[in-house]
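**Student:** have a look at this fold, sequence not included:
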């Protein structure tokens, strides 16, 4: 008997048959006495179809010029899927109503295609819930102060669901997706990967940012900020499984550090090969050097992930950082043609064939020797570490991309992640 | 240098290539110095696709239960096509913005799936026009006082365009469609049918109601009420034809009876075979009998077109009317099982194999003998007239449907409609 938010991804809404299954599942929850708010994505493929049409009507120009209209266009996908879900729920005999972002209203800033939610007016939704209705709210979109439709960017429906759950003070936000939870690492790389029953918010944040595609990182940040309990679970279980069993399935992203969670030092291994590394060698080690390098990079709208600067040697130092592979050529050009000559750096070198592998765990905070155990496991496999970066609950290394799977498997084993924690 | 409204139907918006052609045509008008408001339909097939999805998620129930959500769903078609047109215009180098009904706002009542426009706020649109933008407004939809999305029913985009033109006091509303104007009759039936350069509002109304599918009848009523000059023209001429030539093409629906229009006694022949006739024979001729029959029919939500009651004979009369063929069985059942026994009528007979043929002309008002000329032409072809109904500018007959084409051709010739009026 609580207010619950369900979020269903595009695959879960991927056909009219699946939408009917979602309706049956939501109806089960509503009939168990819960007040239900549902946030669906567009039917899978729909957003791509719409954006492909836009490309066809304006093939020559960059997308940027059309941002307002692209949002007006793309937002129709969720409006349609939400209305279809309302109809399916009504066909199940439930009172249901669907709202687009502007109807709630979900207010955002005006950053078209990547807007941020600023406020949610919950009056209309509360009145409907009190009247016994299931309320469906389009994911992915909102409205700015001038009444323009905005979208939150790819994967924004997760953020919508969490924001709605926060505004409504929901007991839990259930993110239904095509995987059944958060794993210690990608099971396609490590068959022994194990589903985590709980994971801390901080760990999830590190994993999401490392490219574990289960949840959009912004939604995790949002959940952290507003302390929304999040659960990731599968929409492909039969809709009529026992509701108590379903309520405990998947992975709970928790904000309370319970004893159970403390027992695992490392919770998971994250990895990605989307990055490239660039180094400026022989830079004069003077104050403000980091700013002069990264300020220029940021001005070129290139995002930087890892940043490494070691102690200097005879007044010179080496400065390294990683960028997205798509920005590698542009960043290298910028350094060679502009920054390196200005600073009197000796050389610019780079490598796109790298990967980043991280161990993530809230228990690392209170355990010494975790990083050294990681480095030993890699060295035993003969894997050379090119860069190291650490945070409170994560240690990341950059290695040759050809060793990625080997490194992930070795670390998964070294930290006993295939074993249920005691 | 005037404010012009263009409306493009679903076929004209039927592909991204066609949308780009529409953009080029609108750009030509804008560059000639006109302030342009464009009202597009959804891409052809899109509304049907969406409603078919609704049928799939709720196959068992009647549509009526879902009206609010069907509108929420169907309205996405025009929002998408409007955004695509804005993008195409921007790609042509024009400033353009698209608005959904609620963004303008186009206020309607809450009669979902068949809402009526109540008011249009033109402030936002005027500001954009003053700033040199082309404004695109979704056809077919609006928003009610409670913020629900409403649609105007099939063909509602014509009405949207006319309503916008009326609110903005546009100089002319150009309805671009897949035919090049209004004809004296259907050219598929009479190859000699001639395009009318002008037609009066009243004539157009009679023709629209007779099933000439060029314009939705409600849009013509709206145009009449607010004196919006309407022009029906083809969107399949090359987009770069001379603008002065284009501005005079098609058919102008005029509100001023000029001398030229008076010269044609009959402007066109309309026909349809969507109706069926039903008669109650031997009804006691007492006051209120018509209400007792038609009141019950209306309560069953069956629309009635022609109604005929002749003088009574020995206190008994025969009462006939026509209904849509889809309602024929239901209406006949209702009369036989309920109304006829109650009234003591002798018999209920009906015939679905009929058609209605009408001559329409504003000149009929001042010319005697027009109806008799019609009846003579039909009799010369051996066609028996089953029912007759007249209005100020129309005479309709019901005949056996097998004579429809023959009757239309004979009347087209008898009234010299293949000749340009002197």
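**Tutor:** Great, that's in hand. Predicted model only: the values in this text are computed from it and were never measured.

**Student:** tell me which parts of the stretch 101-250 of chain A are close to chain B?
**Tutor:** A:102-103, A:147-149 (CB under 8 Å from any CB of the partner chain). Every C-beta, even on glycine, is put in place using the N, C-alpha and C of the backbone.

**Student:** which pair in those residues has the greatest spatial separation?
**Tutor:** Farthest-apart pair in these is A:103 and A:148; separation 14.5 Å (CB to CB).

**Student:** ok, the two, which is more surrounded?
**Tutor:** Using other CB atoms under 10 Å in any protein chain shown as the criterion, residue A:103 and residue A:148 rank with residue A:103 on top: 23 against 20.

**Student:** may I ask which helix or strand encompasses that one?
**Tutor:** Using DSSP states H and E, residue A:103 falls within helix A:101-104.

**Student:** got it, and residue A:48?
**Tutor:** Using DSSP H and E, the element containing residue A:48 is helix A:46-57.

**Student:** does chain B have contacts with whatever helix or strand comes next after that helix?
**Tutor:** Downstream of helix A:46-57, the first helix or strand assigned by DSSP H and E is helix A:67-74. Yes. If you take CB under 8 Å from any CB as the test, helix A:67-74 does meet chain B, through A:68-70, A:72-73.

**Student:** ok, and the most crowded of these?
**Tutor:** Of all the residues of helix A:67-74 next to chain B, residue A:72 has the most neighbours under the rule other CB under 10 Å, reaching 30 neighbours.

**Student:** which one is that residue nearest to, not counting chain neighbours?
**Tutor:** Leaving aside its chain neighbours, residue A:72 sits nearest to residue B:83 (4.0 Å; criterion: CB to CB, 6 or more residues apart in numbering or on different chains).

**Student:** SS state for that neighbour?
**Tutor:** helix (DSSP: H, G, I helix; E, B strand; the rest coil).

**Student:** could you report the distance from it to residue A:141?
**Tutor:** As for residue B:83, its distance to residue A:141 is 13 Å (criterion: CB to CB, to the nearest Å).

**Student:** which of those two has more neighbours?
**Tutor:** Neighbour count, other CB under 10 Å: between residue B:83 and residue A:141, residue B:83 has more, with 32 against 28.

**Student:** give me phi/psi at the residue nearest to residue A:95 when sequence neighbours are not counted?
**Tutor:** For residue A:95, ignoring the flanking residues on the chain, the nearest one in space by CB to CB, 6+ apart is residue A:133 at 4.4 Å. With angles defined as degrees, to the nearest 10, residue A:133 sits at phi -90, psi 150.

**Student:** just give me the neighbour total for residue A:133.
**Tutor:** By other CB under 10 Å, 19 other residues sit near residue A:133.

**Student:** assess the claim that it and residue A:97 are in contact.
**Tutor:** Yes. The criterion here is CB atoms under 8 Å, and residue A:133 meets it with residue A:97 at 5.4 Å.

**Student:** returning to that earlier point: for the residues of helix A:67-74 next to chain B, work out which two are farthest apart.
**Tutor:** The span of those, defined through CB to CB, is set by A:68 and A:73 at 9.7 Å.

**Student:** for the residue most central in space within chain A, which residues are in contact?
**Tutor:** Centroid check for chain A by CA atoms, centre = their mean gives residue A:216 as the closest residue, at 2.3 Å. If you count contacts by CB atoms under 8 Å, 6 or more residues apart in numbering or on different chains, residue A:216 has them with A:154-156, A:158-159, A:208.

**Student:** now, which of these sits nearest residue B:388?
**Tutor:** Nearest to residue B:388 among those: residue A:156, at 64.1 Å, using CB to CB.

**Student:** ranges for the helices of the stretch 251-400 of chain A?
**Tutor:** With DSSP state H, counting those that start in this stretch as the criterion, the stretch 251-400 of chain A has helices at A:259-262, A:289-299, A:328-334, A:340-343, A:370-380.

**Student:** which parts of the second one are buried?
**Tutor:** This means helix A:289-299. Burial within helix A:289-299, assessed by neighbour count using 16 or more other CB atoms under 10 Å in any protein chain shown, is assigned to A:289, A:293-294, A:296-297.

**Student:** the last one now?
**Tutor:** For helix A:370-380, a neighbour-count test (16+ other CB under 10 Å) marks A:370, A:373-374, A:377-378 as buried.

**Student:** who does that helix touch, helix- and strand-wise?
**Tutor:** In terms of contacts (3 or more CB pairs under 8 Å, 6 or more residues apart in numbering or on different chains; DSSP states H and E), helix A:370-380 is packed against strand A:394-400, helix A:404-414.

**Student:** mean pLDDT lowest where, among these?
**Tutor:** Ranked by mean pLDDT, the helices and strands packed on helix A:370-380 end with strand A:394-400 in last place, scoring a mean of 91.

**Student:** direction included, what does that one pair up with?
**Tutor:** Paired neighbours of strand A:394-400 in the sheet (DSSP bridges): strand A:354-360 (antiparallel), strand A:387-391 (antiparallel).

**Student:** tell me who's in contact with residue A:207.
**Tutor:** A:182, A:199, A:214, A:268, A:270, A:360.
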